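Visitor: got a predicted model here, sequence first, then my questions.
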Amino acid sequence: MLLTTIYHYLHPNQLQTQPEMETTAAVAATGTTIDGGATLHSVEVKPLQLILNRAFALIYLFAILALFYKHTLNILNYTSFINLSISISILISDLILAFMWSTTQSFLMRPITRKQCPEKIKKYSNNNLPALDIFICTADPCKEPPLNVVNTALSVMAYDYYPIEKLSVYVSDDGGSELTLFAFMEAAKFAVYWLPFCRENNIIERCPDAYFSSTYTENSETQKIKLMYESMKTRIENVMERGKVDQDYINNDEEFQVFTKFWTAGFTRPNHPSIIQVLLESGKDKDMTGHGMPNLIYVSREKNKSSPHHFKAGALNALLRVSGIMTNAPIILTLDCDMYSNDPSTPQRALCYLLDQTLWPELAFVQFPQCFRGLNEADIYASEIKDLFHTNSMGMDGLRGPNYVGTGCFFRRRALFGCPSSFEKPEIQQLYPDHVVNKPIRAEEILQQAHYVASCNYEDESNWGSKMGFRYGSLVEDLYTGYRLQCEGWKSVFCHPKRPAFLGDIPISLYDVLSQHKRWCVGLHEVVFSKYSPLTFGLRSMGFLMAHCYARYAFWPTWCIPITLYAFIPQLTLLNGVSIFPKVSDPWFFLYVFLFLGAYGQHCLVFMSFEGTWKRWWSDQRMWMIRGLTSLLFGTIEYLTNRFGISTLGFNVTSKVVDDDQGKRYHQGIFEFGVVSPMFVALATTSIINLVAFLTSIAQIFKGDQDLDGLFIQMFIACFVVINCLPIYEGMILRSDKGRMPTQVTLFSTFLASILYMSSGFLLRNV
Ligand SMILES: O=c1ccn([C@@H]2O[C@H](COP(=O)(O)OP(=O)(O)O[C@H]3O[C@H](CO)[C@@H](O)[C@H](O)[C@H]3O)[C@@H](O)[C@H]2O)c(=O)[nH]1
Ligand SMILES: [Mn+2]
């Protein structure tokens, strides 16, 4: 049966004439199910875990209802306007916390674990896999060093794929940089040696940089290949240092022609024609053992200031079309430039699902988790984002499948052209997912068409970005695209093998991390306020649980409201000796204890169950607080100012460059502040207020001016925040390195904290 499926991939036209008939044609040709599929992968559900999760959700729900009953009593018995405002603020916070808690439960209703047998694919496929197009996006040679992009490309070009000619790697360069193209010209030459080296020595680590940093066997062959790598590296780095490709780095006339043809006087990053350069052509170019090579194509789509380019989604759509013209593989892998392959058999793992006839009619993509290299022991910035990239995805996998996370994802090309039952026709026949390309990729006609579909007004008045391809309208194009596909009826699969399939870089300064999350936050607001909001459109299209999973992401920024209110109200009232929560001797106190321990305990259990450590869990919950006060809050402000036309939105690419000093501090687990930013002012002000509130209340209790009974919860919150803020105090007072909190921020925050203290004293004087 499986062979028939593969046959169908290889010769789509012989099984079907219309893509809308794809499903029926395949089913008719192969029967409704496939025996092979079931043996290629398996699913594990833990029934006891499901029962416990659901039972706990029910109990916790009753506790939440009791809490709101208590809130209602408080509001009805208010004594003053200030008192009422405090009660309402806490009520709003708790409503949001309760809503977010309820969305989180959706992930716990049916989590599953999957296993694949990639080794069986060889037998099933008869050594003939479907074609695979790999998209790698890069946008800025200064923030994304071309040497790293090249490493990513080499790691996937060296996949154990057969025949290797079926593999095509497309690099999208939104930076339109000659430096990146130069790096790829060098990579194409190095690949001639690297690919056979990996194949013949059965190397697992196929990213050259990762391989040479590992403990590999030193012999004459490895030494030789290392020398070649070093020479490529030096050439690329030299060109980077000079900022241009000098004559002496150009090897031949052909290369010279390319650089002079495109990078002319009027060439700028936001304004240039499309550049498409075939660097390796499968079938024609051979490696040094005479074995075939994959295609390697550099693409920089046309840009001009008057056409919106839709950032990464626009880049991916341009690649979708260019690859459609040149190779039109039925399967596509999308990768960010810093996510290299860590396992050469990854495509086979994805194929365990993509070739399974039972899943196939509705399967849009197979998502691998984002895993990172170089995390410090405690993962101080919680860069792992375990819930987003691992545990939640397992939860969604038991429903309709995980969300798309932008990289490490194998798509069926067909899924990007309308819902499973109705095909969205692209403008030209050559872009139909079942179109067979029968000309070499360097053919004049092919190149001409490829340039045409990469032009910036190609998408004018078309369905690209709305009904076709990667979707526009949100800075988190990944979440939004996956969401829209699942609303259309597509499903997805989460594939998380023990050895990470891909490894990426993480930002190592707090400011970079928070700026990245701020951008995500803006993108998520765009989803919430679009007509496709998960709680309206999503609920109608994908059912209650899935819509709630997406709501958990889309409403992520709303955490900022309860976190900010809880960072100030209990503390400012505490400073003025005003009690706002039940006394320890009051039975309601236990409700608060249960709600706090229940939420933190459950989060901790889920975190630890998936290769977690205590230190990393602590960082994770700390970052939740930090984000609430910084990226989520400021992202919300940025979104609102844009909505009111005061500012414009952009995709601020995350820097992948590592400064040596910063790198050292990161590995010692020291927080990196270093820049003057309003986000740090918010953070520092919070830490000061909490410390002062906590210390003052302790002093007052010792003096006998206040009693612990009534203020305990407030003191506990302040103390908890203080413990979380230890690295901030350290950054403000104890450190002298470059990454310390800038003095201006500390001074300004102290000033702000005093104003808050004084005004709270004024407002609360009669409460
Ligand atoms: O105009 C642009 C902007 C970015 N990119 C590329 O997009 C990728 C992601 O950009 P990055 O700055 O690394 O963003 P992150 O926030 O780190 O990325 C996460 O969030 C993005 C937005 O949700 C997703 O696209 C990514 O896959 C996901 O890893 C990189 O390869 C960039 O080169 C472009 O191609 N064109
Ligand atoms: Mn990234």
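Guide: Received the coordinates, thanks. Ligands and ions are numbered 1, 2, ... in the order given.
Visitor: tell me where the stretch 201-350 of the chain has strands.
Guide: 275-280, 295-300, 331-336, 340-341 (DSSP state E, counting those that start in this stretch).
Visitor: what helices or strands is the shortest one leaning on?
Guide: In this structure, strand 340-341 makes packing contacts with helix 146-157, strand 502-503, judged by 3 or more Cβ pairs under 8 Å, 6 or more residues apart in numbering; DSSP states H and E. For glycine as for every other residue, the C-beta is placed from the backbone atoms N, C-alpha and C.
Visitor: what packs against the last one?
Guide: With contacts defined as 3+ Cβ pairs under 8 Å, 6+ apart, the secondary structure elements packing on strand 502-503 are strand 340-341.
Visitor: could I get the average pLDDT for the strand it packs on?
Guide: For strand 340-341, mean pLDDT rounds to 98.
Visitor: hmm, that strand touching ligand 1?
Guide: No - using Cβ under 6 Å from any ligand atom, strand 340-341 never reaches ligand 1; the gap is at least 12.0 Å.
Visitor: sheet partners, orientation included, of that strand?
Guide: According to DSSP bridges, strand 340-341 forms sheet pairs with strand 502-503 (antiparallel).
Visitor: and after the strand it pairs with, which helix or strand comes next?
Guide: helix 510-528 (DSSP states H and E).
Visitor: then the helix or strand immediately after that next one in the chain to PDB, C-alphas only?
Guide: With elements assigned by DSSP H and E, the helix or strand that comes after helix 510-528 is helix 539-542. What follows is helix 539-542, C-alpha atoms only, in PDB (Å, rounded to 0.1, in the frame of the first residue of the first chain):
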ATOM      1  CA  LEU A 539     -14.500  28.000  18.400                       C
ATOM      2  CA  ARG A 540     -16.800  27.600  15.400                       C
ATOM      3  CA  SER A 541     -14.200  26.000  13.200                       C
ATOM      4  CA  MET A 542     -12.100  23.700  15.400                       C
END
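Visitor: tell me how far helix 539-542 is from the chain's mean position?
Guide: Remark: helix 539-542 is offset 24 Å from the chain centroid, using Cα atoms, centre = their mean, to the nearest Å.
Visitor: in that helix, what's buried?
Guide: Under the neighbour-count criterion of 16 or more other Cβ atoms under 10 Å, helix 539-542 has 539, 541-542 buried.
Visitor: which one of those is nearest ligand 1?
Guide: residue 542 (20.1 Å; Cβ to the nearest ligand atom).
Visitor: where do the strands sit along the stretch 351-500 of the chain?
Guide: Taking DSSP E, counting those that start in this stretch, the strands of the stretch 351-500 of the chain run over residues 363-367, 409-412, 491-494.
Visitor: ligand 1: which of the helices and strands packed on strand 340-341 is closest?
Guide: So among the helices and strands packed on strand 340-341, helix 146-157 is nearest, using Cβ to the nearest ligand atom, at 8.4 Å.
Visitor: pLDDT weak spots in the stretch 1-150 of the chain?
Guide: The model of the stretch 1-150 of the chain has pLDDT under 70 over residues 1-38.
Visitor: spell out which parts of it neighbour ligand 1.
Guide: 137-139, 144.
Visitor: with the stretch 151-300 of the chain instead?
Guide: Checking the stretch 151-300 of the chain against ligand 1 by Cβ under 6 Å from any ligand atom, the hits are 172, 174.
Visitor: so how far is residue 503 from whichever residue of the stretch 351-500 of the chain sits closest to ligand 1?
Guide: Closest contact between the stretch 351-500 of the chain and ligand 1, by Cβ to the nearest ligand atom, is at residue 406 (2.0 Å). Using Cβ to Cβ, to the nearest Å, we find residue 406 at a distance of 15 Å from residue 503.
Visitor: which helix of this protein spans the most residues?
Guide: helix 47-76 (DSSP state H).
Visitor: pull out the buried residues from that one.
Guide: Result for helix 47-76 [16+ other Cβ under 10 Å]: buried residues 50, 53, 56-57, 60, 63-64, 67, 70-71, 74.
Visitor: one more: stretch 734-754?
Guide: 735, 739-742, 745-746, 748-749, 752-753.
Visitor: how long is it from one end to the other?
Guide: Separation of the first and last residues of stretch 734-754 by Cα to Cα, to the nearest Å is 21 Å.
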